[in-house]
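Undergrad: predicted model and sequence below, questions to follow.
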There are 2 protein chains.
Amino acid sequence: MNETPPLSRIQKKNRRAILDAALDVFSQYGFRGTTLDQIAQTSGLSKPNLLYYFPTKEDIHTTLLDELMQDWQDPMRAIDPEGEPLEEILDYVQRKLEMSRDFPRESRLFANEILQGAPQFLDALKGGPRHLFDEKVALFQTWMDQGKLAQVHPQHLIFSIWSLTQHYADFEVQIRIYLGPEGKDPYPEAGKFLRTLFTRMLTP
Amino acid sequence: MNETPPLSRIQKKNRRAILDAALDVFSQYGFRGTTLDQIAQTSGLSKPNLLYYFPTKEDIHTTLLDELMQDWQDPMRAIDPEGEPLEEILDYVQRKLEMSRDFPRESRLFANEILQGAPQFLDALKGGPRHLFDEKVALFQTWMDQGKLAQVHPQHLIFSIWSLTQHYADFEVQIRIYLGPEGKDPYPEAGKFLRTLFTRMLTP
DNA sequence: TTTTTGTTTGACCAGTCGGTCATGTTGACG
DNA sequence: CGTCAACATGACCGACTGGTCAAACAAAAA
């Protein structure tokens, strides 16, 4: 039923080149603001060749979002209910911040999709991610009830983690401007700051 | 030199209608993802009529960004160096949150512009806003040195305020999904949460 | 070598893009 | 009322959009 024609070496290489170029452009201009010619030029392939590997522009975009969907939740999944509560959350923050540092384009692709009303993500978000979210909300609530964490609204706690970490990827341009032209990597300071923030807020 | 032909009643009304419609579309799809036809349809005017009031599509966009630029910094300007430090910052957070609640489209317009690399904002940001930012950073540092606020990295403190408040406008779709279909207004809870967060982090 | 299959592209298509223009309609004002 | 400037739009333009296709090329199988 699910026929999987094994990808040849060339297919793998070119599909990867296309997706990488598309990530560049989509994450900056969004779906509608991106043209196939831009992707073609960035990837070094001709436009008809793009459409040899992906039937439509939308198909490239969807493939990127699907890949993103799989990896984006890993940091949250890794929160261990058996671990030490504060340390688990601080580690989660750290992992999310590292994702912003190492995969800023993915973060911006996600931001763009949400800004446009999540036309593709909407249904997907209501499924697995929503369930994982609820599960961790319940876990945090348990920890708070046990006095292991200070009482805060658990849903907004998660929003704050997402917001604070993704901000460094999504608003990178602005942050560079305001931190001055020294071009120093802001992530070490950001990590320290966020650790302080969540420690002070969550210590019972 | 600076000739200012006073706008007629019709001009005022139609320019406002165009800018309002353009804000709708630009804030969702970004500059490149927006078409004049969309703005025309949303505003209820014909496409040539748009171009009667604004010479180009870019001009509409620039006008919106200019207007945004003027109002967006008001909450930060209102921070009073003579006030009580923690209360001043909490009030600032509150004002920023209210801007997200009352002007979410403006927030998303800004986010879109930054995501695309701030092609228009770049130079502007380096001017007045950057100066205001530095001024408040210095103020916060003074307060911390005087022991009136806990020591944290003042620049990242400001980033965290921007991030946490704008998040409720920029990622509104996602937040609605995760808070459930009850459709309850998330802002009261958000305000309470942020007040707790910044109080705990900044109390010496 | 020939054949076959997989890969690449120049030329092209219909529809949409931002923008123009000549013409028509409306409103302000004497 | 009449007049004139302000306002509005249908028809159109060249450039670009996502996408097609037949023909050319390359790689592997025969």
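TA: Great, that's in hand. Residues are numbered from 1 along each chain as shown, chains lettered A, B, ... in the order given.
Undergrad: check the offset of the lowest-mean-pLDDT helix or strand in chain A from the chain's centre.
TA: Scoring the helices and strands of chain A by mean pLDDT, DSSP states H and E places helix A:121-126 at the bottom, with a mean of 85. Here helix A:121-126 is found 15 Å from its chain centre; the criterion is Cα atoms, centre = their mean, to the nearest Å.
Undergrad: what residues sit buried inside it?
TA: The neighbour-count check on helix A:121-126 (16 or more other Cβ atoms under 10 Å in any protein chain shown) flags A:121, A:125 as buried. In this view, the C-beta of every residue, glycine as well, is placed from N, C-alpha and C.
Undergrad: determine whether any part of the helix ranked longest in chain A lies close to chain B.
TA: The helix that spans the most residues within chain A, counting by DSSP state H, is helix A:9-29. Yes. Contact of helix A:9-29 with chain B (Cβ under 8 Å from any Cβ of the partner chain) involves A:27-29.
Undergrad: between those, which sits nearest DNA strand C?
TA: Closest approach to DNA strand C among these (Cβ to the nearest atom of the strand): A:Y29, at 13.0 Å.
Undergrad: pretty sure that closest one contacts B:E113?
TA: No. Counting by Cβ atoms under 8 Å, A:Y29 stays clear of B:E113, with 11.7 Å between them.
Undergrad: show me where chain A has helices.
TA: Under the criterion DSSP H, chain A contains helices at A:9-29, A:36-43, A:47-53, A:57-72, A:74-77, A:85-102, A:104-115, A:121-126, A:128-145, A:154-170, A:172-178, A:187-202.
Undergrad: out of these, nearest to B:Q174?
TA: In terms of Cβ to Cβ, the element of these nearest to B:Q174 is helix A:104-115, at 5.3 Å.
Undergrad: what's next to that closest one, contact-wise?
TA: A:23-24, A:26-31, A:64-65, A:68, A:71-72, A:99-100, A:119-121, A:166, A:169-170, A:172, B:27-28, B:30, B:108, B:111-112, B:115, B:170-171, B:173-174 (Cβ atoms under 8 Å, 6 or more residues apart in numbering or on different chains).
Undergrad: got the angle for that helix vs helix A:9-29?
TA: 60 degrees (axes from the mean of the first three to the mean of the last three Cα atoms, to 10 degrees).
Undergrad: check whether helix A:104-115 contacts DNA strand D.
TA: No. Helix A:104-115 does not reach DNA strand D (Cβ under 7 Å from any atom of the strand); its nearest approach is 14.8 Å.
Undergrad: show the average pLDDT along that helix.
TA: In this model, helix A:104-115 carries a mean pLDDT of 98.
Undergrad: for that helix, what is the distance to the chain centroid?
TA: Its chain's C-alpha centre and that of helix A:104-115 lie 7 Å apart, by Cα atoms, centre = their mean.
Undergrad: what angle do that helix and helix A:154-170 make?
TA: Interaxial angle of helix A:104-115 relative to helix A:154-170 (the same axes, to 10 degrees): 120 degrees.
Undergrad: who has more neighbours out of A:Y29 and B:E113?
TA: Legend: neighbour count by other Cβ atoms under 10 Å in any protein chain shown for A:Y29 and B:E113, higher for B:E113 (25 against 22).
Undergrad: name the residues that touch the longest helix of chain A?
TA: Here helix A:9-29 makes contact (Cβ under 8 Å, 6+ apart) with A:7, A:34, A:38-40, A:42-45, A:49-50, A:53-54, A:60-61, A:63-64, A:67, A:105-106, A:108-109, A:112, B:30, B:32-33, B:115-117.
Undergrad: same thing with stretch A:189-197?
TA: Counting by Cβ under 8 Å, 6+ apart, A:90, A:93-94, A:97, A:164-165, A:168, B:152-153, B:156-157, B:159-160, B:197, B:201 sit against stretch A:189-197.
Undergrad: end to end on stretch A:98-109, go ahead and measure it.
TA: Stretch A:98-109 has an end-to-end distance of 17 Å (Cα to Cα, to the nearest Å).
Undergrad: and the contacts of helix A:9-29, which of them are buried?
TA: A:34, A:38-40, A:42-43, A:45, A:50, A:53-54, A:60-61, A:64, A:105-106, A:108-109, A:112, B:30, B:32-33, B:115-116.
Undergrad: show me which of those neighbour DNA strand C.
TA: Applying Cβ under 7 Å from any atom of the strand to the buried ones among the contacts of helix A:9-29, those adjacent to DNA strand C are A:L45.
Undergrad: how about the residues of chain A near DNA strand C?
TA: Going by Cβ under 7 Å from any atom of the strand, the residues of chain A near DNA strand C are A:8, A:10-11, A:14, A:45-49, A:52.
Undergrad: between those, which is closest to DNA strand D?
TA: Nearest member of those to DNA strand D, counting by Cβ to the nearest atom of the strand, is A:P48, at 3.6 Å.
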